[in-house]
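Sharing a sequence plus its predicted fold:
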Amino acid sequence: MKNAIETHDLTKVYSNNFKAVNSLNLEIPDQTIFGMLGPNGAGKTTTIKMLTCLIQPTSGTATVGGYDVQKNPDEVRNLLGMVPQQVSLYKDLTVMENSQLCADYYGVPHDERDSRIEDLMELVDIKYAKDKVVGQLSGGQKQKASLVASLVHRPDILFLDEPTIGLDPTTKRTLWDLIRELNDSGHTIILCSHDMHEVDMLCDNVGIINTGNLVAYDTPQGLKDALLESNRQEMTEALTQISEENEVSTSTKEDFENLSLRKMSVLLKNQDEGIINQIRLINDVKSIEVARNGRINLRIDAFDDMAVQNVLDKISQSGGIIKSIYTEEPSLEDVFIKSTAEVNEDDRV
Ligand SMILES: Nc1ncnc2c1ncn2[C@@H]1O[C@H](COP(=O)(O)OP(=O)(O)OP(=O)(O)O)[C@@H](O)[C@H]1O
Ligand SMILES: [Mg+2]
């Protein structure tokens, strides 16, 4: 598969000598949705600015749609659309006028221009404000106006820098659907977001950037699996330590327990002490507690593939009827926290 974006040792040192992006090597396959995660100040916006030719790299190279961002910036600009983190529309112009300006800049055929804009406005539900000046819009309305303006020339590659911040839940979902539709029709999407659920749901691949470095890159599931695997390794190390040391510290014990356990919660229609006692007897169940809302909260062995099934079997054998159930998987948020935990404080200033 062709890559929509490739960077080789891409680096940005700002004029105050701060290295915001440090030798970034990144490949984003064509026609995929890529999620860029990273703590505040990690270098995401700086990377996007270099890829969209808004700032020059200090060293290294980057290609967008096969064009070099430094040698062929005009070709790159024609391929891409950008919804910036800070809305950059003209405040004194209306939503319609801003979109028309963008359309004209990109050479959208004149006879198609206004109908395209109105279709997009309908899609993100901002048509009712088309004649309002941008300066008088709410935060979410500005965001929608910015989307319309950046999509009007149907860019092959679309950069969205935290596009759903400040959007209400309904509009957020509309935008997610729109991102999926654009991708289905062949567009590559680069999405910067702090919303882990959004990234998990939408993205084919996720890159995590920390202090200007790419610290993880995989599919969302791949990242979660890798976290479980690394937990398992840490647990093995903790086990070795426990067997070697006579006096085990409380924190080692706690680490060990947290790593090896998974949360599970069940709500029964016919809960009684007998069923709970039966669950208590299962080997994989390490703790059990009945919450005020009636849910039975369990801690089970995280690495035994049969642990959940064993609990379910025992409940049905004891005549229990399950109304609701969930288990807690490692989330993308867990992956984020772990892979960005190690920060060299010197790199941050
Ligand atoms: N023009 C500039 N001059 C100097 N330093 C800058 C400039 N712009 C950004 N930085 C620094 O570069 C680092 C990366 O900033 P960037 O905006 O790329 O972060 P980010 O990952 O997008 O963060 P956020 O999640 O908060 O949007 C930060 O430490 C920031 O202070
Ligand atoms: Mg940013």
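Looks like it came in fine. Ligands and ions are numbered 1, 2, ... in the order given.

When you work out contacts or count neighbours from here on, use the C-alpha atoms and nothing else.
Will do.

so what's the residue nearest the centre of the chain up against?
For the chain, the residue nearest the mean C-alpha position is residue 199 (2.8 Å; C-alpha atoms, centre = their mean). Contact analysis of residue 199 by C-alpha atoms under 8 Å, 6 or more residues apart in numbering lists 35, 191, 193, 206.

Could you do residue 266 as well?
Residue 266 neighbours (C-alpha under 8 Å, 6+ apart): 295-297, 322-326.

which residues of the stretch 51-200 of the chain fall in helices?
Ranges of helices in the stretch 51-200 of the chain, per DSSP state H, counting those that start in this stretch, are 73-79, 95-105, 110-124, 139-151, 169-184, 196-202.

does any part of the last one sit near ligand 1?
What that stands for is helix 196-202. No - Helix 196-202 stays clear of ligand 1 (C-alpha under 6 Å from any ligand atom), getting no nearer than 12.9 Å.

for the contacts of residue 199, which one is nearest residue 170?
Using C-alpha to C-alpha, residue 193 is the member of those that lies nearest residue 170, at 17.6 Å.

Quickly note the distance from the closest one to residue 44.
Distance, residue 193 to residue 44, using C-alpha to C-alpha, to the nearest Å: 9 Å.

what stretches of the stretch 101-250 of the chain score poorly on pLDDT?
245-248 (pLDDT under 70).

Report how many residues lie close to residue 218.
Residue 218: 15 surrounding residues under other C-alpha atoms under 10 Å.

again with residue 16
By other C-alpha under 10 Å, neighbour count at residue 16 equals 6.

what about it, which helix or strand?
Using DSSP states H and E, residue 16 sits within no helix or strand.

again with the one 4 residues further on
In this structure, residue 20 sits in strand 19-29 according to DSSP H and E.

now swap in residue 207 and tell me
Going by DSSP H and E, residue 207 is in strand 205-210.

Just the buried residues of the very next helix or strand once past that strand, please?
Later in the chain than strand 205-210, the nearest helix or strand by DSSP H and E is strand 213-218. The neighbour-count check on strand 213-218 (16 or more other C-alpha atoms under 10 Å) flags 213-214, 216-217 as buried.

One more: stretch 33-46?
33-39, 42-46.

Distance to residue 259 for those residues - can I get that in a markdown table?
Below are the buried residues of stretch 33-46 laid out as a markdown table (distance: C-alpha to C-alpha, whole Å):
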| residue | distance to residue 259 |
| --- | --- |
| 33 | 31 |
| 34 | 29 |
| 35 | 27 |
| 36 | 27 |
| 37 | 24 |
| 38 | 24 |
| 39 | 24 |
| 42 | 28 |
| 43 | 31 |
| 44 | 31 |
| 45 | 34 |
| 46 | 36 |
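
Name the nearest of those residues relative to residue 254.
The closest of those, once distances to residue 254 are taken by C-alpha to C-alpha, is residue 39, at 26.9 Å.

where do the contact lists of residue 193 and residue 44 overlap?
With C-alpha under 8 Å, 6+ apart, residue 193 and residue 44 have common neighbours 36-37.

Name the next helix or strand downstream of the longest helix along the chain, please.
Using DSSP state H to define each element, the chain has its longest helix at helix 220-244. Counting by DSSP H and E, the next helix or strand C-terminal to helix 220-244 is helix 250-260.

re the thing from before, what's the most buried one of the helices of the stretch 51-200 of the chain?
helix 139-151 (a mean of 23; mean count of other C-alpha atoms under 10 Å).

So which bits of the protein are right by ligand 1?
Counting by C-alpha under 6 Å from any ligand atom, the chain sits next to ligand 1 at 14, 16, 18, 20, 38-46.

buried residues in stretch 256-264?
Of all the residues in stretch 256-264, those buried under the rule 16+ other C-alpha under 10 Å are 256-257, 259-264.

make that stretch 274-283, sorry
Here stretch 274-283 shows 275-276, 279-280 as buried, counting by 16+ other C-alpha under 10 Å.

Mind listing residues that contact it?
Identification of contacts with stretch 274-283 by C-alpha under 8 Å, 6+ apart yields 285, 287-288, 310-311, 314-315, 318-320.

so of the residues you listed, which ones are in helices?
Among the contacts of stretch 274-283, DSSP H puts 310-311, 314-315 in helices.

Could you identify the buried members of those residues?
Here, 16+ other C-alpha under 10 Å leaves 311, 314-315 buried among those.

Now pLDDT too, for the residues you listed, in TSV please.
Formatted as TSV, those follow (pLDDT from 0 to 100):
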residue	pLDDT
311	94
314	94
315	95
